[in-house]
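[1] predicted model, plus sequence, below.
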Amino acid sequence: MEDLEKLHFTGTVWRPPHEAHSVLLQVTVGCTHRACKFCSLYGDLRFRMSPLEEVEADLQIIARYQPRARRVFLVGANPFVLSYGRLVRLADLIRDYLPKVATIGMFSRISDIRQKTPEQLRDLRLRGFTGISIGTETGDDPTLHFMNKGTTAREIDEQCRKLDEAGIEYYFTYMTGLAGAGNGHRAARASVELFNRLHPYIIGVVSLTLFPEAPLWQEVRDGRFVEASEGERLEELRTLVAGLQIPVTVMAHTVSNAVPLLGRLPEDRARMLRELDDARRRFNERELAAYRRGIVHL
Ligand code: SF4
């Protein structure tokens, strides 16, 4: 097991819950954007590409432990920013060492999709790139703008349609509380309108949880952003679950969700809404807020 310690992981490794069984391979470090006000995931790390020799050295080790791996998840905040040529090279390298790998996933920003042509996307799909996780957070333009996400609802729509046309499956993140106090319904409704036009297979729901490293932490202290109550966040999630008319799995069960919720729409909608209503009755604001204050790490 000594050689596992030689794997080139830098800083905290983040992956979506549904990639729990994927082989993790670092191909980038950090995020190219580093500007979302609520984000404290990558700290001071500057974006860099891993040298191919480093990736190959890791693959040699992984091949000894998981030679029959079927899925690889590329580590970093947005490896899909890599050029088409670099991604093709990585896919070839992965197949050299892990010939049974069928699909390759990773995080992507919307701007990373923009720089790829429809033909390149189709070719990437043929090479196994599918199941791309996109931190959309919301479809509400004022919130996207205030939080410096660097994208708009229209752009999310345009770029995800390109993924649809290329046959690349994609997953979204939705963040309750991100629009601030009093704006949860608006954010959920705008997101429902956007998401219902697209085909995310999974929507992973998280809830805004601030740490001192996030720029928004200071804005809260300065009174420039007022956090939504826990009750409002549950109502926001209710609006989202009630409004989504596409077949989609909603996964709101990670640490930032004070009330865990998991199900496939539309078949589980009634049960999920019932669970949210029950939670509203069973827990008061003080209890739910205490839960959030107790979160030490996402
Ligand atoms: S939320 Fe994602 S895109 Fe925004 S700064 Fe953090 S890692 Fe980068």
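    Sure thing, it's come through.
[2] residues near the residue in the stretch 51-200 of the chain that the ligand sits nearest to, how many?
    Using C-beta to the nearest ligand atom, the single residue of the stretch 51-200 of the chain nearest to the ligand is residue 77, 3.8 Å away. Every C-beta, even on glycine, is put in place using the N, C-alpha and C of the backbone. Per other C-beta atoms under 10 Å, the neighbour tally for residue 77 reads 23.
[3] can I assume it sits in a helix?
    No. Secondary structure of residue 77 (DSSP: H, G, I helix; E, B strand; the rest coil): coil, not part of a helix.
[4] what is the neighbour count of the nearest residue to it once chain neighbours are set aside?
    Leaving aside its chain neighbours, residue 77 sits nearest to residue 31 (3.3 Å; criterion: C-beta to C-beta, 6 or more residues apart in numbering). The number of residues packed near residue 31 is 21, by other C-beta under 10 Å.
[5] residues in contact with the helix or strand that residue 95 is a member of?
    Element membership for residue 95 (DSSP states H and E) is helix 84-97. With contacts defined as C-beta atoms under 8 Å, 6 or more residues apart in numbering, helix 84-97 is touched by 25, 27, 49, 52, 55-56, 59-60, 62-63, 72, 74, 80, 82, 101, 104, 116-117, 120, 123-124, 127-129.
[6] about what we covered before: what sits against the residue nearest to residue 77?
    39, 41, 42, 45, 47, 76, 77, 78.
[7] 7 Å instead?
    Counting by C-beta atoms under 7 Å, 6 or more residues apart in numbering, residue 31 makes contact with 42, 47, 77, 78.
[8] drop anything exposed from the contacts of helix 84-97.
    Restricting the contacts of helix 84-97 to buried positions leaves 25, 27, 49, 55, 59, 62-63, 72, 74, 80, 82, 101, 104, 116, 120, 123-124, 127-129, with burial counted as 16 or more other C-beta atoms under 10 Å.
[9] can you add pLDDT and give the contacts of residue 31 back as CSV?
    Listed next are the contacts of residue 31 as CSV, based on pLDDT from 0 to 100:
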residue, pLDDT
42, 89
47, 95
77, 96
78, 97
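[10] save those residues as a markdown table, and put in distance to residue 185 too.
    Shown next, in a markdown table, are the contacts of residue 31 (distance: C-beta to C-beta, whole Å):
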| residue | distance to residue 185 |
| --- | --- |
| 42 | 31 |
| 47 | 36 |
| 77 | 30 |
| 78 | 30 |
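[11] any chance you could list what contacts the helix or strand just after the helix holding residue 95?
    Using DSSP H and E, the helix or strand that follows helix 84-97 towards the C-terminus is strand 103-108. For strand 103-108, contacts defined as C-beta under 7 Å, 6+ apart pick out 19, 22, 71-74, 76-80, 91, 94, 128-135.
[12] returning to that earlier point: just the contacts of helix 84-97: which are in strands?
    25, 49, 72, 74, 104, 129 (DSSP state E).
[13] was I right to think the first one contacts residue 56?
    No. No contact is recorded between residue 25 and residue 56 when judged using C-beta atoms under 7 Å, the distance being 10.5 Å.
[14] what does the stretch 51-200 of the chain put close to the ligand?
    Listed as neighbours of the ligand in the stretch 51-200 of the chain under the rule C-beta under 6 Å from any ligand atom: 77, 109, 135.
[15] please repeat the previous calculation with a cut-off of 5 Å.
    Residues of the stretch 51-200 of the chain that fall close to the ligand, judged by C-beta under 5 Å from any ligand atom: 77, 135.
[16] in the helix or strand that contains residue 292, what counts as buried?
    Residue 292 belongs to helix 285-293 when assigned by DSSP H and E. Of all the residues in helix 285-293, those buried under the rule 16+ other C-beta under 10 Å are 288, 289, 291, 292.
[17] kindly report the same for stretch 16-29.
    Here stretch 16-29 shows 16, 18, 19, 22, 23, 25, 26, 27, 28, 29 as buried, counting by 16+ other C-beta under 10 Å.
[18] which of those residues come close to the ligand?
    Among these, proximity to the ligand is found for none (C-beta under 5 Å from any ligand atom).
[19] nearest to residue 262 among those?
    Relative to residue 262, the closest of the buried residues of stretch 16-29 is residue 18; by C-beta to C-beta it sits at 11.0 Å.
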